[in-house]
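Trainee: Okay, sequence plus prediction incoming.
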Amino acid sequence: MIGTILKNMRLSANLTQKELAEKLNLADNTISSYERENSQADFDTILRIAKICNYEFKIIDKNNNLLDIKDMSKEMDF
């Protein structure tokens, strides 16, 4: 499921796997592996992909505060 979401984010940003990989400093076969769910991207990488693709989603933190990707990226400094 997450692989399909990552692929849809990438495609909605009109990026190839290679282009996204370059922005993340990863090998393009790593992106392919994430999308096929042969390996799993860590949470930081998922947030970076979302930011690169201008994809917005909401996260509830441990204090039940609703955060968006912009809040998370400020906290995580990427």
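Mentor: Arrived safely, thanks for sending. Here the structure is a predicted model, which is why all the values come from computation and not from measurement.
Trainee: Could you identify the helix or strand that succeeds the helix or strand hosting residue 6?
Mentor: Element membership of residue 6, judged by DSSP states H and E, is helix 2-12. Scanning forward in sequence from helix 2-12 by DSSP H and E, the next helix or strand is helix 17-24.
Trainee: and the next helix or strand along the chain from that following helix with helix 2-12, angle?
Mentor: Downstream of helix 17-24, the next assigned helix or strand under DSSP H and E is helix 28-35. Orientation check (axes from the mean of the first three to the mean of the last three CA atoms, to 10 degrees): helix 28-35 against helix 2-12 gives 120 degrees.
Trainee: who does helix 28-35 touch, helix- and strand-wise?
Mentor: helix 2-12, helix 17-24 (3 or more CB pairs under 8 Å, 6 or more residues apart in numbering; DSSP states H and E). All C-beta spots, glycine's among them, are computed from the backbone N, C-alpha and C.
Trainee: wait, which of these is closest to residue 44?
Mentor: Across the helices and strands packed on helix 28-35, residue 44 has its closest neighbour in helix 17-24 (10.4 Å, CB to CB).
Trainee: tell me what that closest one is packed against?
Mentor: helix 28-35, helix 43-52.
Trainee: Looking at these, which is nearest to residue 11?
Mentor: Per CB to CB, nearest to residue 11 of the helices and strands packed on helix 17-24: helix 28-35, 9.8 Å.
Trainee: Give me the local confidence score for the residue of the chain most remote from its centre.
Mentor: Most distant from the centre of the chain: residue 63, at 23.2 Å, with distances by CA atoms, centre = their mean. For residue 63, the pLDDT comes out at 86.
Trainee: again, but for residue 77
Mentor: At residue 77, pLDDT is 47.
Trainee: Repeat that for residue 28.
Mentor: pLDDT, residue 28: 85.
Trainee: likewise residue 70?
Mentor: pLDDT at residue 70 comes out at 60.
Trainee: ditto for residue 41
Mentor: Reading off the model, residue 41 has pLDDT 94.
Trainee: which ones are touching it?
Mentor: When contacts are counted by CB atoms under 8 Å, 6 or more residues apart in numbering, residue 41 touches 2, 6, 34, 49.
Trainee: Nothing else from me, thank you.
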